[in-house]
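[1] Okay, here's the prediction I keep looking at, along with the sequence it came from:
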Amino acid sequence: MTLRSFGQRQTENSYTREVELAFADCDRNGSVRPAALLSLVAAVAGYDYDARGLTYRKLYSMGEVFLLSRIALRIHRRPVNREVLAVTTWEDGVHAAHMRRVYEMADETGAVCVSAKSEWVLVDPAERKILRPDSFTGKAITVCPRTIDCPDCRRIALPKGKGEDLPARPVRWSDLDGNGHVYSGNYGDIVWDALPADLQGAPLAALYINYSREATLGETVALRGLREDGAYTMEGWLEGERCFSCRCEFC
């Protein structure tokens, strides 16, 4: 067997990293888990800044860290176990309080399997205070030079009085990341575990998530969901405040 080296490359306004999907990244059908795609989005953003000398520790020492606020994923073709993807990310300017970043995940033929748009907030990690984008001192924010075939991030909410209560989800130690709250990618597993059984393996076309309030160890997220034609919307609540909201659209 020939061993393969996986590459990475960087330009002035982009970063690309080759990633092989492992067995653990995929569901019982062998297709990539939505949680793994969400984790890739967060991880590759970090790799980009690491390569530019802006590691998490460096940003933390500057009193400036990024938290994911919203994400939209379009699934053109759902990748499977052992596929190698070239994941490319670009910064994409600023909109109001959000700093935007976009992505393409291409297979070895160059075809884009997944595209994504994301919006991040800049936060003072000590005070948990949201900062203005122009407070960022790490680097000048660039704009993606190409059109990404993905819907924009959007506000997700259940219609008032609609939906059904779902089993609540305790926050466990394994859910947490280095910021001490539920890792953004892990919300994909929280959502899929609560979906109706026939949708858990259904062909996924698009996924939208809003992250509204951090969930920490010992808390319990109350879940509520609504099934519509070709879609399912879910919200998580903590002590009367929305923790997250998600919309899954199926083929």
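    Thanks, I have it. Just so you know, these numbers come straight off a predicted model, no measurement behind them. Numbering: from 1, shown residues only.
[2] going forward, measure contacts and count neighbours with C-alpha atoms only.
    Noted.
[3] chain center to the lengthiest helix in the chain: distance?
    Ranked by number of residues, the top helix in the chain under DSSP state H is helix 34-51. Distance of helix 34-51 from the chain centroid (C-alpha atoms, centre = their mean, to the nearest Å) equals 8 Å.
[4] now stretch 136-153
    15 Å.
[5] in that stretch, what's buried?
    136, 141-144, 149-153 (16 or more other C-alpha atoms under 10 Å).
[6] May I see those organised as JSON lines, with secondary structure, pLDDT and distance to Arg100 added?
    As requested, the buried residues of stretch 136-153 are arranged in JSON lines below (DSSP: H, G, I helix; E, B strand; the rest coil; pLDDT from 0 to 100; distance: C-alpha to C-alpha, whole Å):
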{"residue": "Phe136", "secondary structure": "coil", "pLDDT": "94", "distance to Arg100": "13"}
{"residue": "Ile141", "secondary structure": "coil", "pLDDT": "95", "distance to Arg100": "9"}
{"residue": "Thr142", "secondary structure": "coil", "pLDDT": "96", "distance to Arg100": "10"}
{"residue": "Val143", "secondary structure": "coil", "pLDDT": "97", "distance to Arg100": "9"}
{"residue": "Cys144", "secondary structure": "coil", "pLDDT": "97", "distance to Arg100": "10"}
{"residue": "Asp149", "secondary structure": "coil", "pLDDT": "98", "distance to Arg100": "15"}
{"residue": "Cys150", "secondary structure": "coil", "pLDDT": "98", "distance to Arg100": "13"}
{"residue": "Pro151", "secondary structure": "coil", "pLDDT": "97", "distance to Arg100": "13"}
{"residue": "Asp152", "secondary structure": "coil", "pLDDT": "97", "distance to Arg100": "10"}
{"residue": "Cys153", "secondary structure": "coil", "pLDDT": "97", "distance to Arg100": "10"}
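[7] before we move on, the earlier item: for the longest helix of the chain, name the packing helices and strands.
    strand 84-95, helix 186-194 (3 or more C-alpha pairs under 8 Å, 6 or more residues apart in numbering; DSSP states H and E).
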